[in-house]
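S.K.: Fold the following for me, if possible:
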Amino acid sequence: MTETEPQKNGFHSDDEEDNKNQRPVNIEADVHEMERRKRVETIMSSKIFREELERVVGDRIRDSAEDGISALIKDAIRPGSGPVTSASTAVIPINDIRGLDNIIYAKGEKQLRCKLAAVYRLIHLQGWAPGISNHVTARISQDTEHFLLNPYGLQYNEMTASSLVKVNMQGEVVEEGTTNFSVHKESFALHSAIHASRPDIKCIIHLRSQNVVAVSAMKCGLIPVCQEACLIGDCSYHTYRPDMNSQAAKDELAKDLGPSNKVMFLRNHGVVCCGRTVEEAWYMAYHTVLAVDTQLKMMPYGLDNLVPIEESVRASVYELAQAGGGGVNHGTSKEWGVGELEFEALMRKLDNMGYRSGYQYAEPLVRKDPPRQVSDVEVPPTVSNLSYLLEDDELCKDGGLRTLLAQLLRSNKKNSWVNNSHGTGGGGMYETVEVKK
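M.R.: Sure thing, here's the model as predicted:
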């Protein structure tokens, strides 16, 4: 009698592929990692690889006065011998506030700092940064009348949440940032005058790019020849004077700005864009620059050839934009404010670029459908049970498929399962009985 090898727990195949299929996922991942390491060790121990590496290092030492290994590492990090580009440099994170550092800030101040520092980075990425000059200011609260702004001496691409300086209405430092630089009080006087006259304004962006200064120096000012000029509403104009410390100068500026305008061109000195939120201020600044660029492209053809947009159309476009969300607030789970939807998209862009904005997103990017409710009642697995298919909206998007399933359901209703008992003991068997009408 020959002995047969015992079967193991119902598994009757010695095939290696079947063994792989029985492995758990974590063990399979470990096996793949072991195989990868084995291949790497094989390459590293190869004589041909060592000889090639020695040849490359030797050629590098002969061709360069630098240390060969150091030069190779530099080339691995930054290929080529050209200048360092923004894509190859390390990105300074916007949100550099970590751990216990949060407790020194008031409620909501950390998020405001991250937003304001992100605006500085956006201005730099757009090519509007004037070096270390100009300011973007944000009011922390109406109660304390404290404001955040950049320290004078730091470039816009270096701005972080913790480096912002907190000052009062007079420009005196209330809380230093994490740098050794202080603030430019004379430059902040322009912002403090606007903040004092318009409590509704929370953020002010001062831009002084070439195209903006060019339009601010024109007698015609900004002409509404594009949609972007409609989105920012009516613009104000003010003859800028460097000395803003006198009360008369502040009163004149407040009068020129008006009670409701949010964009004011400073003659020969750029523009200030204001907003009730940081998002709205960026929205106004972005569309102001677009409107300025469009106008300058049209100017060579002469002012007589420009066709301004009608006042009624401008008013309707501005009213729609002030509804927020580009007029698509209906049907969404959040009522977007002016510029919020656009600003959130820009924060995703910065985060994808590695800036670590620290922004708290109001809406996730990917929609997740809620799980379907499963009935507690078990449906008998009969051929007549087609109703669950009709309830699947995703499956029955096509009207033809829904009609076909309905016809099958009606035809199968002619058959029903009945319990026909045979014998004793209450046991039963199921049989199909045709129901005749």
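S.K.: Can you show me the helices along the stretch 201-350 of the chain?
M.R.: Here the stretch 201-350 of the chain has its helices, by DSSP state H, counting those that start in this stretch, at 210-216, 227-231, 247-257, 278-298, 311-322, 340-352.
S.K.: Throw those helices into a markdown table and include mean neighbour count, mean pLDDT and distance to residue 132, thanks.
M.R.: C-beta here means a position set from N, CA and C on the backbone, and glycine is covered the same way. Shown next, in a markdown table, are the helices of the stretch 201-350 of the chain (neighbours: other C-beta atoms under 10 Å; pLDDT from 0 to 100; distance: least, C-beta to C-beta, whole Å):
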| stretch | mean neighbour count | mean pLDDT | distance to residue 132 |
| --- | --- | --- | --- |
| helix 210-216 | 19 | 95 | 18 |
| helix 227-231 | 21 | 94 | 29 |
| helix 247-257 | 15 | 92 | 24 |
| helix 278-298 | 22 | 95 | 19 |
| helix 311-322 | 14 | 91 | 33 |
| helix 340-352 | 17 | 92 | 21 |
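S.K.: can you put those in a markdown table and add distance to residue 31?
M.R.: Converted to a markdown table, these look like this (distance: least, C-beta to C-beta, whole Å):
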| stretch | distance to residue 31 |
| --- | --- |
| helix 210-216 | 61 |
| helix 227-231 | 58 |
| helix 247-257 | 70 |
| helix 278-298 | 50 |
| helix 311-322 | 58 |
| helix 340-352 | 34 |
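S.K.: among these, which is nearest residue 107?
M.R.: helix 278-298 (16.5 Å; C-beta to C-beta).
S.K.: number of nearby residues for residue 173?
M.R.: If you count neighbours by other C-beta atoms under 10 Å, residue 173 ends up with 14.
S.K.: Now do the contacts for it.
M.R.: Counting by C-beta atoms under 8 Å, 6 or more residues apart in numbering, residue 173 touches 165-167, 182-183.
S.K.: for the helices of the stretch 201-350 of the chain, which one sits closest to residue 140?
M.R.: Closest of the helices of the stretch 201-350 of the chain to residue 140 is helix 278-298, at 11.7 Å (criterion: C-beta to C-beta).
S.K.: report the angle between the axes of the closest one and helix 311-322?
M.R.: Interaxial angle of helix 278-298 relative to helix 311-322 (axes from the mean of the first three to the mean of the last three C-alpha atoms, to 10 degrees): 140 degrees.
S.K.: Tell me which of the helices of the stretch 201-350 of the chain approaches residue 203 most closely.
M.R.: Proximity to residue 203 (C-beta to C-beta) singles out helix 278-298 among the helices of the stretch 201-350 of the chain, at 3.8 Å.
S.K.: what angle separates that closest one from helix 340-352?
M.R.: 90 degrees.
S.K.: Tell me where this protein has strands.
M.R.: For the chain, the strands defined by DSSP state E cover 136-139, 147-149, 165-167, 173-175, 203-207, 235-238, 263-266, 270-275, 415-421, 428-434.
S.K.: Run me through the strand neighbours of the third one, direction for each.
M.R.: Just to be clear, that refers to strand 165-167. Note on strand 165-167: by DSSP bridges, its sheet partners are strand 147-149 (antiparallel), strand 173-175 (antiparallel).
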